[in-house]
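Colleague: build me a model:
(one chain, ligands or ions: 1)
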Amino acid sequence: MLNNSSPTCVNQSKRKMWNIKCSKYALGSKNTIRSIWQAKLITNPDKFLISLSVGDPTTFGNLKASDETIKAVLKSIESGKYNGYAHTQGHEFARRAIAKYSAHQSSEEIKPENICITSGCSAALEYSILALAERGQNILIPRPGFCLYQTLTEGLGIQVRFYDLLPEKQWECDLQQLESLIDENTAALVINNPSNPCGSVFSKKHLEDILAICEKYYLPVIADEVYEHFVFPGSKHYAVSSLSKNVPVLSCGGLTKRFIVPGWRTGWVIIHDRENRIAEVAKGLRSLCGRILGSNTLIQGALPDILEKTPQSYFDSVIDILSENANLAYGMLKKIRGLNPIMPNGAMYMMIGINIEQFPEFKDDTHFVQELVNQQSVFCLPGSCFEYPNFVRIVLTVPKEMIEEACARIAEFCEVHYKVDNTIIENNLLGEIPY
Ligand SMILES: *Cc1c(COP(=O)(O)O)cnc(C)c1O
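Modeller: Purely as a prediction, here's the structure:
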């Protein structure tokens, strides 16, 4: 017989109506970029829309996954071996393939048990944050920065604190300001290198300076390295973990950007912890994988071939396209009065500063972006999506002709709305040198 005498069940008042509330966690999970994309845009009907806002390299069809990548998945499907569940961290052979592919990240051998395969790099970041931070704690994230860090964190009651990146220093961190944010409740430092939205690539020295701060304050690093290897000729990317002597690093990566398959939702987190300083966190990460019974196994079946067989020439050709687009856009935008583009060294984006006071019709970057869509049908993301007003971000993955056309339209738009600083004109009329 059921004995239902548990005290919580007795004499409890019952609901009298449908009064169902949403959890704070769900309501607190906001993704600003997705909301802007999904909003209705009013464009100029005489001009076709050029969207420079979508950070999805497959959008225009000019960048495609390699043949090797596609074949690997076909083989995985046809084998019939990858329809079942895998280990919640992912098939061991797939993790071994990731360890081999990521060998440069560590001077020590990466063990498969220290890898979790996740549903995209986003889930790798989510697990890392969940494993390291607790309600009431804080994590440090870059400004400007990828808005997902906030999306993942705020609903959990974990505070985000922004450390500043400096445009005049190629978007290096303001180390002093970063250090001033740290307190005993700081759970982790998020480093995104190469950066979305800046396209910047940190030097070895700068990463070592950051690691020295982490060492001083016992601060583990979450390294968002989804753009690893994605650097233009002349730049070099260093994995944070490869430079860390003993600061623990959770390195998050995936297939999404480099292999141009964002929809496949395949990412991973690699635990680098040679001194066993975060052994408990590693255990927690493994437990988190059990929550959704692991990630997509079809792609896991294909991972060894994808990671080993995709030729260097494929990656080189993608980088060539992006760096050519970066040069083209930079050259055109640099000439426009009132704009200040910052040349990227990697990833797929460029940030453009707007001297908003020289466009007095517009109250801020969002207004500027809106009018640019209305009048020229060119859609960029306002810097405020990245907590960085008076900038806009463009993506460099669009076909060259579109970049050219978009920059020409931006030039026309700025020419129409640019207002010369009146004080300079007056000084000129008085015959004085304005500087
Ligand atoms: C695209 C992106 C991600 C998300 O990658 P998914 O594998 O699609 O989840 C994470 N971090 C940064 C900086 C990105 O730009």
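Colleague: which residues touch F162?
Modeller: F162 is in contact with L140, I141, P142, R143, G145, L181, E387, counting by Cβ atoms under 8 Å, 6 or more residues apart in numbering. For every residue, glycine as well, the C-beta is placed using N, CA and C.
Colleague: of those, closest to L156?
Modeller: Among the contacts of F162, I141 lies closest to L156 (Cβ to Cβ), at 13.8 Å.
Colleague: spell out the secondary structure type for that closest one.
Modeller: strand (DSSP: H, G, I helix; E, B strand; the rest coil).
Colleague: what's the answer for E361, then?
Modeller: At E361 the chain is in coil, as set by three-state DSSP.
Colleague: pretty sure it is touching Y418, no?
Modeller: No - E361 lies out of contact with Y418 (Cβ atoms under 8 Å); the separation is 10.0 Å.
Colleague: more crowded one of these two?
Modeller: Using other Cβ atoms under 10 Å, the more surrounded residue of E361 and Y418 is Y418, with 16 against 11.
Colleague: I'd say the more buried one and L339 touch.
Modeller: No - between Y418 and L339 there is no contact under Cβ under 8 Å: 9.3 Å.
Colleague: circling back: just the buried ones from the contacts of F162?
Modeller: Buried members of the contacts of F162, scored by 16 or more other Cβ atoms under 10 Å, are L140, I141, P142, R143, G145, E387.
Colleague: same list (those) but as TSV, adding distance to the ligand and pLDDT.
Modeller: Formatted as TSV, the buried ones among the contacts of F162 follow (distance: Cβ to the nearest ligand atom, whole Å; pLDDT from 0 to 100):
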residue	distance to the ligand	pLDDT
L140	15	98
I141	11	98
P142	10	98
R143	14	98
G145	8	97
E387	14	92
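Colleague: now for these: which two are most distant?
Modeller: Maximum distance among the buried ones among the contacts of F162 (Cβ to Cβ): 13.0 Å, for L140 and E387.
Colleague: CA atoms only: put stretch 124-139 into PDB for me.
Modeller: What follows is stretch 124-139, C-alpha atoms only, in PDB (Å, rounded to 0.1, in the frame of the first residue of the first chain):
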ATOM      1  CA  ALA A 124      31.200  24.000 -24.100                       C
ATOM      2  CA  LEU A 125      31.100  27.500 -22.800                       C
ATOM      3  CA  GLU A 126      27.900  26.900 -20.900                       C
ATOM      4  CA  TYR A 127      29.300  23.800 -19.200                       C
ATOM      5  CA  SER A 128      32.500  25.600 -18.300                       C
ATOM      6  CA  ILE A 129      30.600  28.500 -16.800                       C
ATOM      7  CA  LEU A 130      28.200  26.200 -14.900                       C
ATOM      8  CA  ALA A 131      31.100  24.100 -13.600                       C
ATOM      9  CA  LEU A 132      33.100  27.000 -12.300                       C
ATOM     10  CA  ALA A 133      30.600  29.600 -11.200                       C
ATOM     11  CA  GLU A 134      27.900  29.700  -8.600                       C
ATOM     12  CA  ARG A 135      25.000  32.100  -8.000                       C
ATOM     13  CA  GLY A 136      26.400  35.200  -6.300                       C
ATOM     14  CA  GLN A 137      29.800  34.800  -7.900                       C
ATOM     15  CA  ASN A 138      31.100  36.800 -10.900                       C
ATOM     16  CA  ILE A 139      33.000  36.100 -14.100                       C
END
